[in-house]
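J.: Just the structure for this:
(3 chains)
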Amino acid sequence: MPELPEVESVVRVLAPRITGRRLQRIDVASRKPWARMIGPAEGQQVRRVRRYGKYILFDLDEGLLAVHLGMTGKLLVNADPGPHARAVLVFDGVNVVYDDVRQFGSMRWLPHEPEGLGPDALEVAAADFARMLLARKGRIKALLLNQAFLRGLGNIYSDEALFRAGIHPLAEAGRLSRRRILRLHSAIKQVLEQAIAKGGSSISDYLDPDGRRGWFQIEHRVYGRAGEPCKRCGARIRRILVAQRSTHFCPQCQRK
DNA sequence: TGGAATGTTCGGCT
DNA sequence: AAGCCGAACATTCC
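T.: Down below sits the predicted model:
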């Protein structure tokens, strides 16, 4: 469920309600390895809640609590822990339930920000983006999914950005013209900002911490639309596999 | 029944 | 060495 716009939506709901509160304790139900890496977070005050790529970071007096929602993770404010609740963050006055059906997500205390990630997809400057991209070999779609290259994009928004930029997902990254790279840079920014404005995409089960869904899925032009007509030219949207992920594109609007 | 699902990581190969 | 591939993780849904 969670790419940059969904994570940003989660942070915007959580920040005003959690900032300044003390994390009294964490009730852990998960048996995953991360479940034993949260101890230092207990008892600390939350200085700030922010997004870092696809991570939700709770800055503490010492270090931070880093939450990654994986595919099906949710943070729910004052909810009843259901069968898939993996942990409950107990603050003074507020509870946050960490629910995750597939358990691909994690929640752990770290001494500092996660390392090894590229610049944030919403913050990277056009010139830097172009320079980074031109230094790379390989398929553009795979590169956009690579968090070490750029942090925040996932499968939905990579496809949507490539469509909006008119670039084929199998295009060789380092061989794109400067002009098309700049077009991609603005498409990424535009689609992410529009998605945030709609509260993200609720394809199957994404909900914000108040249990509200996002509505950007209505604006999807290619993701999940295989076989349907392109909204720009009418051609059938195609679905192929790139980097083992479903990849949707218009063969007419996104020529190789 | 098999396949696919908003993600990441690891081992092996070229 | 960078990039690609397949598998693994775990659960649900169609």
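J.: now the residue in the stretch 151-256 of chain A that DNA strand C sits nearest to: how far from A:Leu76?
T.: When scored by C-beta to the nearest atom of the strand, the stretch 151-256 of chain A has A:Gln244 as its residue closest to DNA strand C, at 5.2 Å. Backbone N, C-alpha and C define where each C-beta goes, glycine included. Applying C-beta to C-beta, to the nearest Å, the value for A:Gln244 to A:Leu76 is 30 Å.
J.: Just want to know which of these two has more residues nearby.
T.: Set A:Gln244 next to A:Leu76 and count neighbours by other C-beta atoms under 10 Å: A:Leu76 wins out with 21 against 8.
J.: Quick check: bridge partners of the closest residue to the more buried one other than its chain neighbours?
T.: Nearest residue to A:Leu76, sequence neighbours excluded (C-beta to C-beta, 6 or more residues apart in numbering): A:Val97, at 4.5 Å. Here A:Val97 sits in beta bridges with A:Leu76, A:Val88, going by DSSP bridges.
J.: doesn't A:Ala142 fall inside a helix?
T.: Yes - the assignment for A:Ala142 is a helix, going by DSSP: H, G, I helix; E, B strand; the rest coil.
J.: Just give the closest residue to A:Met132, not the sequence neighbours.
T.: Counting by C-beta to C-beta, 6+ apart, A:Phe149 is the residue found nearest to A:Met132 once chain neighbours are left out, at 6.9 Å.
J.: Could you report the neighbour count for the one you found?
T.: Neighbour tally, A:Phe149, other C-beta under 10 Å: 20.
J.: contacting residues for it?
T.: By C-beta atoms under 8 Å, 6 or more residues apart in numbering, the residues touching A:Phe149 are A:118, A:132, A:136, A:143.
J.: can you rerun that using 7 Å?
T.: A:118, A:132, A:143 (C-beta atoms under 7 Å, 6 or more residues apart in numbering).
J.: ok, the residues you listed vs DNA strand B, which is closest?
T.: A:Gly118 (11.3 Å).
J.: For DNA strand C, give me its nearest residue in chain A.
T.: A:Gly138 (2.8 Å).
J.: How many residues are close by that residue?
T.: 14.
J.: Leaving out chain neighbours, which residue sits closest to it?
T.: Of all residues not flanking A:Gly138 in the chain, A:Ala173 sits nearest, at 5.7 Å (C-beta to C-beta, 6+ apart).
J.: Check A:His220 too.
T.: Closest to A:His220 by C-beta to C-beta, 6+ apart is A:Glu160, at 6.3 Å.
J.: And that neighbour, how far from DNA strand B?
T.: 11 Å (C-beta to the nearest atom of the strand, to the nearest Å).
J.: so that residue touches A:Gly224, yeah?
T.: No - contact criterion C-beta atoms under 7 Å: A:Glu160 and A:Gly224 do not qualify, at 10.3 Å.
J.: circling back to that earlier point, just the local confidence number for the residue of the stretch 151-256 of chain A closest to DNA strand C, please.
T.: The model reports A:Gln244 with a pLDDT of 95.
J.: got it, and A:Ser201?
T.: 97.
J.: so A:Met107 bridges to which residues?
T.: A:Val67.
J.: count of residues packed around it?
T.: Residues near A:Met107, counting by other C-beta under 10 Å: 27.
J.: next one: A:Phe104
T.: 13.
J.: A:Gln147 too?
T.: Using other C-beta under 10 Å, A:Gln147 has 18 other residues around it.
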